[in-house]
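Q: the sequence and its predicted three-dimensional model are supplied below.
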Amino acid sequence: MLHNPGVTETLAQLVVGTRWDDLPAPVSHQAKRSAMNFFAVALTGCRSAPVEIALQTLAPFSGGKQSTIIGRRERIDALNAAFLNAAGANVLDFCDTHVPTAIHPTAPVAPALLALAELKPVSGRDFLLALVLGHEIECRIGLAMSPGHYNKGWHITSTCGVFGAAAASGKLLGLDAVQMVWALGAAAAQSAGLCECLGTAAKSASVGNAARNGLWSSLLAAKNFDGPPEPLTGAQGYYNAMTEPPQLSVLTDGLGETWEIMATAYKPYPCGFVIHPVLDCVLDWRREYPAAVVEKVVVTGNPLLAARTDRPNISTGRESQVSTQHAVAAALVTGQAGVAQFTDACVNDPAVLALRGKVGVVRDGRYATTAAEVAIATADGVIHKLSQPAARGSEANPMSDKDIEAKLRVAAADAIPGNDISSLIDAIWTLDRSRDISKLAALTVPHA
């Protein structure tokens, strides 16, 4: 069995030892972009049915009102606020994506940090640094076992996100290297999440738990709640338990020199990121041929596209977020791919339902997860061949700062229409000059 002492300690030392001045300017700016996108997706999901149910279930057991629930007037204890804000950010599959692993890295990490910021003084620089380090730890742990871990059915955002939340929270709490290893050990003991839950509320439970349990792990470690010295690569540690032999070099090569947050993609559409290059093709084509009658659509993409989203027979809006057939049909019928296109109403639209049955998915390992080809056969006998080598929002075809701002403005206009969202946008872009971010999340609370 694998046993490599000192691996977790190396990661812990990175978190403990890295300072603000160690971050290159593009990295700290990317952290601001991730924070901006986080608030957009958290506002989009803050009143979804899973969040409503979770809040109703948790509130009777919460003894405190310490922390903000983004986009809502209710307050709750810090651990459950982390849970709810993470679940809300991920529930509509609109959050950011670490393309090499398919981890959605900010959803588990930012809620833990925002909850802590309402318990103790946290500067904007400390928040951004912790966010970057949380990304680094969860994504490197995921990279070392990708793609096997995700392909086996583990929901990698949840299983690795708990490490990111623990590392980031531990950074804000000032853990030393030994305590940080303990925090990562407690996180390893609580790592869980299944892809079988995609398209259901249960997926949000594991993402929420990643934030909550990561925060709790660091709080325990701060009080010397100890753990194993090598939770990741010990003889009976995380990687052995996952039966996924890790690429150990990925955990440490370039550590502190390259930053995984730079491989973040931001979503223009609220659905699985592997569907995005397909939607790019379909939406561009529909704008050019608005009256064409579609007879058949064949989508060709990375095997992960089919593994996760070849779902022609769906019945709910949540299932539609991971259905290529639905995304294509809805985009062709409506000419759009926004939140409204991934609802129960759109799923049950007769025109969308009829077109879903005409969409097929082909696996081809030559395509990256951000690339796809689409062939659309129309009633006039023409086959339109389309391709997208790099999905909009991906690292090679990124959303601009203004695009992410616009995403937040749209979300806020729907969730908190009475608020001046410009104050939140300004606060995010100037986080590195803020001495106290305790009121940052409160800028999303709806006015009375």
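A: Here it is on my side, so go on.

Q: relative to Ala292, how far out is the most far-flung residue of the chain relative to its centre?
A: Distance from the centre of the chain peaks at Asp380, with 41.6 Å (C-alpha atoms, centre = their mean). Here Asp380 is placed at a distance of 8 Å from Ala292 (C-beta to C-beta, to the nearest Å). Yep, even glycine has a C-beta here, placed from its N, CA and C like the rest.

Q: over to Leu431?
A: 47 Å.

Q: just want to know which of the two has more residues nearby.
A: Counted by other C-beta atoms under 10 Å, Leu431 and Ala292 do not tie: Leu431 has more neighbours, with 21 against 16.

Q: spatially nearest residue to that one (excluding sequence neighbours)?
A: Leaving aside its chain neighbours, Leu431 sits nearest to Gly124 (3.4 Å; criterion: C-beta to C-beta, 6 or more residues apart in numbering).

Q: quick one: contacts for the most centrally placed residue in the chain?
A: Taking C-alpha atoms, centre = their mean, the centroid of the chain lies closest to His104, which sits 2.5 Å from it. Applying C-beta atoms under 8 Å, 6 or more residues apart in numbering to His104 gives the contacts 90, 95-98, 157, 161, 207.

Q: try 7 Å this time
A: Shown in contact with His104 (C-beta atoms under 7 Å, 6 or more residues apart in numbering): 90, 95-97, 157.

Q: tell me what whichever strand or helix holds Cys281 is packed against?
A: Using DSSP states H and E, the secondary-structure element containing Cys281 is helix 276-288. Contacts defined by 3 or more C-beta pairs under 7 Å, 6 or more residues apart in numbering; DSSP states H and E place helix 276-288 against strand 294-301, helix 324-334, strand 372-378, strand 383-388.

Q: hey, C-alpha coordinates of the helix or strand immediately after the longest one in the chain in CSV?
A: So that's helix 324-334. Downstream of helix 324-334, the first helix or strand assigned by DSSP H and E is helix 344-347. Taking Å, rounded to 0.1, in the frame of the first residue of the first chain, the C-alpha atoms of helix 344-347 are listed here in CSV:
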residue,chain,number,x,y,z
ASP,A,344,-39.4,22.5,-14.8
ALA,A,345,-41.5,24.6,-17.2
CYS,A,346,-38.9,24.5,-20.0
VAL,A,347,-38.3,20.7,-19.5
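
Q: quick one: the strands in the chain?
A: 67-68, 75-76, 97-98, 264-265, 294-301, 359-363, 372-378, 383-388 (DSSP state E).

Q: in CSV: those strands, plus mean neighbour count, mean pLDDT and distance to Ala222.
A: Putting the strands of the chain into CSV (neighbours: other C-beta atoms under 10 Å; pLDDT from 0 to 100; distance: least, C-beta to C-beta, whole Å) gives the following:
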stretch, mean neighbour count, mean pLDDT, distance to Ala222
strand 67-68, 26, 96, 18
strand 75-76, 21, 96, 21
strand 97-98, 28, 94, 27
strand 264-265, 25, 94, 28
strand 294-301, 20, 98, 45
strand 359-363, 19, 97, 47
strand 372-378, 21, 98, 46
strand 383-388, 15, 97, 46
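
Q: as JSON lines, the ones you listed with distance to Ala330 would be great.
A: Formatted as JSON lines, the strands of the chain follow (distance: least, C-beta to C-beta, whole Å):
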{"stretch": "strand 67-68", "distance to Ala330": "33"}
{"stretch": "strand 75-76", "distance to Ala330": "35"}
{"stretch": "strand 97-98", "distance to Ala330": "21"}
{"stretch": "strand 264-265", "distance to Ala330": "21"}
{"stretch": "strand 294-301", "distance to Ala330": "12"}
{"stretch": "strand 359-363", "distance to Ala330": "11"}
{"stretch": "strand 372-378", "distance to Ala330": "14"}
{"stretch": "strand 383-388", "distance to Ala330": "17"}
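
Q: what's the closest of these to Ala188?
A: Ala188 lies closest to strand 97-98 among the strands of the chain, at 19.3 Å (C-beta to C-beta).

Q: still on that earlier bit, which one of the contacts of His104 is nearest Val359?
A: For these, the nearest to Val359 is Thr97 (22.8 Å; C-beta to C-beta).

Q: the closest one contacts Ala265, doesn't it?
A: Yes: Thr97 sits in contact with Ala265 when judged by C-beta atoms under 7 Å, with a separation of 4.7 Å.

Q: shared neighbours of the two, anything?
A: Phe273.

Q: from Val162, how far off is Val132?
A: 18 Å.

Q: over to Gln247?
A: Remark: distance between Gln247 and Val162 (C-beta to C-beta) = 20 Å.

Q: neighbour count: the two, which is higher?
A: Each of Gln247 and Val162 has its neighbours counted (other C-beta under 10 Å); Val162 has more, 35 against 12.

Q: do I have it right that that one meets Gly214?
A: Yes: the criterion here is C-beta under 7 Å, and Val162 meets it with Gly214 at 4.6 Å.

Q: can you get me a residue count around Ala59?
A: 14.

Q: quick check: it vs Ser204, distance?
A: Taking C-beta to C-beta, one finds Ala59 at 17 Å from Ser204.

Q: cool, and Ser123?
A: From Ser123 over to Ser204 (counting by C-beta to C-beta), the distance is 30 Å.

Q: who has more neighbours out of those two?
A: Ser204 (29 against 18).

Q: can you pull the contacts of that one?
A: Applying C-beta under 7 Å, 6+ apart, the residues near Ser204 are 50, 87, 90-91.

Q: now the two most distant members of those residues.
A: Across the contacts of Ser204, the two lying at the largest distance from each other (C-beta to C-beta) are Pro50 and Asn90, at 9.8 Å.

Q: who has more neighbours, those two?
A: Comparing Pro50 with Asn90 by other C-beta under 10 Å, the one with more neighbours is Asn90, at 29 against 22.

Q: quick one: neighbours of Ala442, just the number.
A: For Ala442, using other C-beta under 10 Å, the count is 14.

Q: I'd guessed it sits against Thr68; true?
A: Yes: contact criterion C-beta under 7 Å: Ala442 and Thr68 qualify, at 5.4 Å.

Q: contact partners for the residue nearest to Ile416 when sequence neighbours are not counted?
A: Counting by C-beta to C-beta, 6+ apart, Ile416 lies nearest to Pro446, which is 4.7 Å off, once chain neighbours are set aside. By C-beta under 7 Å, 6+ apart, the contact set of Pro446 is 73, 416, 418-419.

Q: neighbour-wise, which one of these leads?
A: Busiest of the contacts of Pro446 [other C-beta under 10 Å] is Ile416, holding 21 neighbours.
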